[in-house]
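> can't give you the sequence, but here's the structure:
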């Protein structure tokens, strides 16, 4: 009898329930596009750069099966601990996670037949070195798939933020805002050049977008995605003495938009770049 036929789901198992969660909201649209374009092959080694809490690493490992070996790297130790708990509790035997920065991957040359990075390569300290490392550890003909959100992500907020900064004569802060956007979201033409200069050949580029909708400014700023992953960077743009004033003005402007449109809608354009190791 196959092992899966012997399995039963115990809805009262506290260990299992503790590691079940929804697919991460932010990661899902990018990751689903990646999953649709990855080449399914047996007997290969796969690397997920910036695997975080385990998506898409664990999903891929289950779709490819035990003839393949999966490795995930991330500098976020707490996230790796949770990913490891999922791997253990789901009884996945073909997957290992390791604490590492993308700029210095702990693998030998030509180790992988497939490398994926779901909104990861654009969040490193040195993107050129990261791409160079991905090329180094990939085999000839290996597939490299990376996704990232583009420079106009959440432009609806940034437009209001910039307008408010200009109205309050905070020109230096406008520059800091633009520098922050550039550091996280390179223009697509620049990203293409960086990838090609690292040695990969771009086979396909797929652009898409999704949106986040909120009732008003308060619900937006209090949403866990915004509060934990975006708000800190926005606050860092401002001097402490201007923080409360500027965000209050931004909140008023956003609420006016919400009243007019029935919502605050933030759009996130993103891209999947499908590459091959020459």
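In hand now; what should we look at? Nothing here was measured: the structure is a model prediction, and the numbers come from that model.
> element containing residue 267?
Using DSSP states H and E, residue 267 sits within strand 264-277.
> buried sites along stretch 161-175?
Under the neighbour-count criterion of 16 or more other Cβ atoms under 10 Å, stretch 161-175 has 161, 162, 164, 165, 170, 173, 174 buried. No exception for glycine: its C-beta is placed from N, CA and C like everyone else's.
> hang on, isn't the third one packed against residue 252?
No. Using Cβ atoms under 8 Å, residue 164 and residue 252 do not qualify as a contacting pair, with a distance of 9.2 Å.
> what is the neighbour count of residue 239?
Residue 239 has 10 neighbours, counted by other Cβ atoms under 10 Å.
> go on, residue 214?
Residue 214 has 18 neighbouring residues, counting by other Cβ under 10 Å.
> quick one: which helix or strand includes the closest residue in space to it that isn't next to it in sequence?
Take residue 214 and drop its neighbours on the chain: the residue closest to it by Cβ to Cβ, 6 or more residues apart in numbering is residue 220, 4.0 Å away. Assigned by DSSP H and E, residue 220 belongs to helix 217-222.
> so where is the protein shaky, pLDDT-wise?
1-5, 7, 22 (pLDDT under 70).
> where do the strands sit along it?
45-49, 69-74, 95-99, 112-118, 138-149, 200-214, 264-277 (DSSP state E).
> format those strands as a markdown table; extra columns: distance to residue 126.
Formatted as a markdown table, the strands of the chain follow (distance: least, Cβ to Cβ, whole Å):
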| stretch | distance to residue 126 |
| --- | --- |
| strand 45-49 | 13 |
| strand 69-74 | 15 |
| strand 95-99 | 18 |
| strand 112-118 | 14 |
| strand 138-149 | 15 |
| strand 200-214 | 17 |
| strand 264-277 | 18 |
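> which one, of those, ends up nearest to residue 238?
Nearest of those to residue 238, taken as Cβ to Cβ: strand 264-277 at 19.9 Å.
> test my guess that residue 130 contacts residue 123.
No. Under the criterion of Cβ under 8 Å, residue 130 lies out of contact with residue 123, with a separation of 9.7 Å.
> compare these two and say which is more crowded by neighbours.
Shown here are residue 130 and residue 123; by other Cβ under 10 Å, residue 130 has more neighbours (26 against 15).
> now the helices for the stretch 1-150 of the chain?
With DSSP state H, counting those that start in this stretch, the ranges of helices along the stretch 1-150 of the chain come out as 3-6, 14-19, 27-37, 57-64, 77-89, 127-137.
> residues near the spatially closest residue to residue 73 that is not a sequence neighbour, how many?
Among residues not flanking residue 73 along the chain, residue 100 sits closest, at 4.2 Å (Cβ to Cβ, 6+ apart). By other Cβ under 10 Å, 18 other residues sit near residue 100.
> who's in contact with residue 100?
73, 74, 75, 106 (Cβ atoms under 8 Å, 6 or more residues apart in numbering).
> the closest residue to residue 63 other than its chain neighbours: neighbour count?
Residue nearest to residue 63 in three dimensions, not counting chain neighbours: residue 40, with 7.0 Å by Cβ to Cβ, 6+ apart. Number of residues near residue 40 (other Cβ under 10 Å) recorded here: 11.
> residue 237 contacts residue 177, doesn't it?
Yes. Between residue 237 and residue 177 there is a contact under Cβ under 8 Å: 5.2 Å.
> now the residue nearest to residue 63: how far from residue 143?
Going from residue 40 to residue 143 by Cβ to Cβ, to the nearest Å gives 11 Å.
> ok, now residue 43?
Per Cβ to Cβ, residue 43 is found 15 Å from residue 143.
> which residues does residue 112 bridge with?
Each beta-bridge partner of residue 112 is listed here, defined by DSSP bridges: residue 138.
> does it really touch residue 136, like I thought?
No. Applying Cβ under 8 Å, one finds residue 112 not in contact with residue 136, separated by 10.1 Å.
> contacts only, for residue 129.
Applying Cβ under 8 Å, 6+ apart, the residues near residue 129 are residue 103.
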